[in-house]
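>>> Structural data only, the sequence is not supplied:
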């Protein structure tokens, strides 16, 4: 219970700081503040997918349904953060470039990620048997994961990006104000903590549901 | 004899069996051809015969090929599961040859579709091709990739109860990089974009094919065996 | 014992429904095991697990030939299965079906051999008809040709005489006797006449 309270205070702090402590960003103006929420959401969306893929591999190796529940919970959380990242991205895009949607490479990539998540759940809902569902969903998660590197390579070649890069490769420096960087990193930490907490709660729920299911059969 | 060669030999037996059945029923091929022709005619009819924008023509070609593939390629596995022949096959063959045989079958079907549809597409839209060799390479490598990645997905769909729209839903995100690369290469071959980009796109199609086949071989036994 | 099938603590549950728990038995060479039990008791699932078609929830099945425990790949060569849920290709003729399965198993195949096998199962002269034109009894007969094609050491039969006429039942009798000479028969049935084949019986509750 202790660290959940800390997390709550931390996130409130981040929200207040993002509006009051942090200055408006250069070039992006006031709309740049959304970055504090947008980038960590995208980070969690990717991290959760990575975890779901690792869980899927674990399931195929060991055949324990616990792995499958972990993969499912990670995919659920990933979907939520993926939607958050897409929506905040579209709002920012409207503010910065005047259009909600313009198939920027980042927008394309996040859309594909969202489609993978959606397909994963459509597949799961199509299979009633738990073992079969776990196996097929795991195979699909891994297959989809393998195509991501290709996407990273091909998409920027097809579309020109307007998306700002946080890391300036030419100068090998962060394009960020010091104050902003502090808030940004705090937010990143806060979001990761939030994800860990949501994962724990959701996992407990899924384990209980499974236990009830097993009990009913006896 | 080394393992992959034995897999290939047994896979060829499955490929011959599937082709023989296909010659008798024409189920898969007619589904693909009917879909491709109807969409092609619709496209040509609605936008007329004079489209100069290579962005649009390249994308249209791959949209037609993608949805045609989705319309029929799941059939190979669905038929085995539905009729109960999958059990007979499982008792006789290891998973890898089964995947190889089905992969070769889907490749054969899709390539024979392109042989029919692509010339029609060129004629109906009055296309001129700037780089013929690159165009052929893009179509062949793209079709190989479409068939390759679809094969294991078809096995998943068949096990998931062959729900009709599932194939497209599952395949789309997985095939997107392939489609992007194929469209990009086709566009360049049709004279749009930089000719120098073609090599990179074709190389990517090539690697996509390799990864798709290797991953399918590794993962297939988890789909095929209960 | 050089050739035998050993079932150790085998359990199977479908999600929350337990089919059977802790089944252990040994099937020696030259013997017949009859699996009994009411509908839905898990006879078919039990046979599927023996054949490696369905994974067990826990426990294992070891098939020993010449003192060696077979790997999953080697099992295919030593198991022949006849069950109502297995079908052969309706769009192919009987001979083509046999030719295909011989090809997949990398066995030498000759039309002569196929004709002999078909004559043995009572399908003489029907070898070039498509299987979809067969009656259900004839389909059952061709399944025996499929299961015996590779001369397996272990024959697994689920409802061996379903759809068969008197001559067909006599054929199954011959097959079971011959297979017992050569190796092992494992069958699931509820026909009182067939239970008598069993050197041992096992009842799934």
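Arrived safely. Only a predicted model underlies this, so the values are computations on that prediction, with no experimental measurement involved.

>>> Can you get me a residue count around residue 45?
Let's take chain A. Look at residue A:45: counted by other CB atoms under 10 Å in any protein chain shown, it has 25 neighbours. All C-beta spots, glycine's among them, are computed from the backbone N, C-alpha and C.

>>> Chain C is the one I meant
If you count neighbours by other CB under 10 Å, residue C:45 ends up with 19.

>>> Read off the pLDDT value for it.
On pLDDT, residue C:45 comes in at 91.

>>> for residue B:40, same thing?
90.

>>> out of everything not next to it in sequence, what's closest to the spatially most central residue of chain A?
Centroid check for chain A by CA atoms, centre = their mean gives residue A:45 as the closest residue, at 1.0 Å. Excluding the flanking residues, the one nearest residue A:45 by CB to CB, 6 or more residues apart in numbering or on different chains is residue A:82, at 3.9 Å.

>>> What segments of chain A are strands?
Along chain A, the segments classed as strands by DSSP state E run A:167-168, A:173-174.

>>> can you check chain C too?
Counting by DSSP E, the strands of chain C are C:4-14, C:17-28, C:31-36, C:58-65, C:68-69, C:79-82, C:154-158, C:184-188, C:200-203.

>>> possible to save the ones you listed as a markdown table with mean pLDDT, mean neighbour count and distance to residue B:154?
Shown next, in a markdown table, are the strands of chain C (pLDDT from 0 to 100; neighbours: other CB atoms under 10 Å in any protein chain shown; distance: least, CB to CB, whole Å):
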| stretch | mean pLDDT | mean neighbour count | distance to residue B:154 |
| --- | --- | --- | --- |
| strand C:4-14 | 88 | 18 | 26 |
| strand C:17-28 | 88 | 16 | 30 |
| strand C:31-36 | 92 | 21 | 35 |
| strand C:58-65 | 90 | 16 | 31 |
| strand C:68-69 | 88 | 12 | 34 |
| strand C:79-82 | 94 | 25 | 25 |
| strand C:154-158 | 94 | 25 | 28 |
| strand C:184-188 | 93 | 25 | 32 |
| strand C:200-203 | 89 | 14 | 39 |
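
>>> of all those, which lies closest to residue B:32?
Smallest distance to residue B:32 across the strands of chain C (CB to CB): 34.0 Å, for strand C:79-82.

>>> on contacts alone, who are the packing partners of that closest one?
helix B:85-92, helix C:136-148, strand C:154-158 (3 or more CB pairs under 8 Å, 6 or more residues apart in numbering or on different chains; DSSP states H and E).

>>> so who does residue C:195 touch?
C:34, C:36, C:189, C:201 (CB atoms under 8 Å, 6 or more residues apart in numbering or on different chains).

>>> And the closest residue to chain B within chain A, how close does it get to residue B:201?
Closest residue of chain A to chain B, CB to the nearest CB: residue A:150 (3.6 Å). Distance, residue A:150 to residue B:201, using CB to CB, to the nearest Å: 11 Å.

>>> what does residue A:181 give?
From residue A:181 across to residue B:201, the span is 38 Å (CB to CB).

>>> higher neighbour count, the two?
For residue A:181 versus residue B:201, neighbours defined as other CB under 10 Å are more numerous around residue B:201 (28 against 14).

>>> hang on, that one in a helix?
Yes. Per DSSP: H, G, I helix; E, B strand; the rest coil, residue B:201 lies within a helix segment.

>>> Nearest residue to it in space, please, no chain neighbours.
Here the residue nearest residue B:201, using CB to CB, 6+ apart, is residue B:185, at 3.7 Å.

>>> which ones are touching that neighbour?
Counting by CB under 8 Å, 6+ apart, residue B:185 makes contact with B:134, B:137, B:138, B:142, B:197, B:198, B:201, B:202, B:205.

>>> Show me the two of the residues you listed that sit farthest apart.
B:142 and B:197 (15.3 Å).

>>> which one of those two has more residues nearby?
Each of residue B:142 and residue B:197 has its neighbours counted (other CB under 10 Å); residue B:142 has more, 29 against 14.
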